[in-house]
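S.K.: Predicted coordinates and the sequence they were generated for:
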Amino acid sequence: MNTIAAALPVLLGALVGATVFSRDIDQQTHVLGLTQSVSRARWFWMRVVVVFLPLTAAAAILGFILEAARVGFESWSYVVNVGPVQSYGMSSMLFPLFNSSGIILGAYTFMALVAGAAVSLLVRSPIAAVAVTLVAVAGLMVGFQNLARPHYAEPTVLTQGIDHDTFYATYVMDSSMAWVIRSGYTDANGKPVEIDYQACTTDTAGNEYDQRSDESDVDFYVRQKAFLAQLDAEYRACVLAQGVDHYETWYHSVDQVRRFQFMEATLVLILSGLLLLPALWGLRRLKP
């Protein structure tokens, strides 16, 4: 449900925002309205007030309902991070949870509707307007998440020493880490270090992991523990020899979610206002 709600602005922008004007223009029904003492401004803003604003309010209400249904989610949320790239997780700062929250869902819905209107008044072809709006709105949503949102606040940096837990991956199960944006080996100055993992790979005989016929369970456990400790020590020495000093995890904490929502909603609404400019320009060029 969260994913469907998060994608709702894209669908509404294409199916409503783009068609509410382009359909009339394509069928020439706008001519009747504009020749009956109805100004272009009234023809445009009437649709914004009657269609766009109620849909925006409904989307925001849906978002608040979904947000209320997720109360307590942070207690079991998680993010698993492998190397410098977040691989998967459930974060209240990422799609779909962030985008399906009340104020964000409402803001994106209004932006998508205005974007659809602008495209339809410039392109004037219903099919082309729908296609362009789909791509444009989806691209804007991706851009906000990947390019803008990480910079709404300075991330918290968790520093870990080089030990077994940071050799291959960092598993962030702490719900305070709502969004891990970067992690990896760094040198003493905090600069990322690319590790040659192949150089640190140790060839070991397969039977070293098997219990020997003359070995008791206790002896096998002791030998395995010593064997793995030796491998860890060799790997750690290899990593340190490549200039690594520690392992850093950069993240945004869960207590900043509301701040991020208000900041992004503000930016999205500002963008919506800017999108009104090409829409009004296309409206001026529209002939009755």
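M.R.: Everything's here; your move.
S.K.: Might you list the low-confidence residue ranges for the stretch 51-200 of the chain?
M.R.: Flagging of the stretch 51-200 of the chain using pLDDT under 70 yields the residue ranges 71-90, 164-177.
S.K.: What about Arg70, how many residues nearby?
M.R.: 15 (other CB atoms under 10 Å). C-beta here means a position set from N, CA and C on the backbone, and glycine is covered the same way.
S.K.: same check, this time on Pro126
M.R.: Quick note: Pro126 (other CB under 10 Å) scores 18 neighbours.
S.K.: do Ala188 as well
M.R.: 9.
S.K.: Who are the contact partners of it?
M.R.: Asp245 (CB atoms under 8 Å, 6 or more residues apart in numbering).
S.K.: Helices of the stretch 1-150 of the chain, start to end?
M.R.: 2-12, 19-27, 30-34, 40-47, 53-69, 102-123, 126-143 (DSSP state H, counting those that start in this stretch).
S.K.: what's the angle between the longest one and helix 2-12?
M.R.: Spelled out, that is helix 102-123. Inter-element angle recorded for helix 102-123 and helix 2-12: 30 degrees (by axes from the mean of the first three to the mean of the last three CA atoms, to 10 degrees).
S.K.: Centre of the chain to helix 102-123, how far?
M.R.: Between the centre of helix 102-123 and the centre of its chain there are 19 Å (CA atoms, centre = their mean, to the nearest Å).
S.K.: Kindly report the same for the second one.
M.R.: Between the centre of helix 19-27 and the centre of its chain there are 33 Å (CA atoms, centre = their mean).
S.K.: Please identify the buried residues of that helix?
M.R.: Residues of helix 19-27 classed as buried by neighbour count (16 or more other CB atoms under 10 Å): Thr19, Val20, Phe21, Ser22, Asp24, Ile25, Asp26.
S.K.: Run the angle between it and helix 126-143 for me.
M.R.: Using the same axes, to 10 degrees: helix 19-27 against helix 126-143 is 150 degrees.
S.K.: Can you name every helix or strand that the biggest helix by length in the chain contacts?
M.R.: If you go by DSSP state H, the chain has its longest helix at helix 257-285. With contacts taken as 3 or more CB pairs under 8 Å, 6 or more residues apart in numbering; DSSP states H and E, helix 257-285 sits against helix 40-47, helix 102-123.
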